[in-house]
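**Q** no sequence for this one, just the structure:
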């Protein structure tokens, strides 16, 4: 990756650690969802069938795509990015879908763009699933909440950086480059 100049700080992430965190968050979300559904509806909405699995797979795939789209929307809205600044795809080596920007963003904009998908594809469907007593949607939402583990890790590290710092997302590796002053890109 071509950097404008040497960053003041580099934040790196362990994909293995993030995958473990994602699994834990997913399992906890499923348990919490099941308890909430039982509490509010006094009956189990769980049913194992081929069609429920198929529906889960379709919804999961769609929401993963939307997860990445919401990152891109966050980069446009809060980071003032153009369409040409955006990158997205699937990193088969790391086993992740990704959305990023080639543009340097203010820390505050990056943090907002990181959490937007969690709220829109994780928490909102999770709440709706509890209301509808839909175990399939709840489990999909739990997987998307767990899938935001990488976003949570980045957000957590960026909370330690000053708000007016500038962040460049490495589009090839799980790294963030931090600049105290605006780099000319």
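**A** On my side now, so go ahead. Everything numeric in this text was worked out from a predicted model, so none of it was measured.

**Q** and the residue lying farthest from the centre of the chain, how far is that from residue 33?
**A** Residue farthest from the centre of the chain, counting by C-alpha atoms, centre = their mean, is residue 42 at 31.9 Å. To residue 33, residue 42 is 15 Å away according to C-beta to C-beta, to the nearest Å. For glycine as for every other residue, the C-beta is placed from the backbone atoms N, C-alpha and C.

**Q** can I assume residue 55 is in contact with residue 139?
**A** No - contact criterion C-beta atoms under 8 Å: residue 55 and residue 139 do not qualify, at 10.2 Å.

**Q** ok, now how distant is the residue farthest from the centre of the chain from residue 137?
**A** Distance from residue 42 to residue 137, by C-beta to C-beta: 19 Å.

**Q** now swap in residue 12 and tell me
**A** 35 Å.

**Q** before we move on, what about residue 41?
**A** Taken as C-beta to C-beta, the span from residue 41 to residue 137 is 14 Å.

**Q** Look at the two and report which has more neighbours.
**A** Neighbour totals were compared for residue 41 and residue 137, and residue 137 leads with 22 against 13 (other C-beta atoms under 10 Å).

**Q** Tell me the spacing between the more buried one and residue 26.
**A** From residue 137 to residue 26 the distance is 14 Å (C-beta to C-beta).

**Q** same deal with residue 141?
**A** 10 Å.

**Q** These two - which one has more neighbours?
**A** residue 141 (27 against 18).

**Q** three-state assignment of that one?
**A** helix (DSSP: H, G, I helix; E, B strand; the rest coil).
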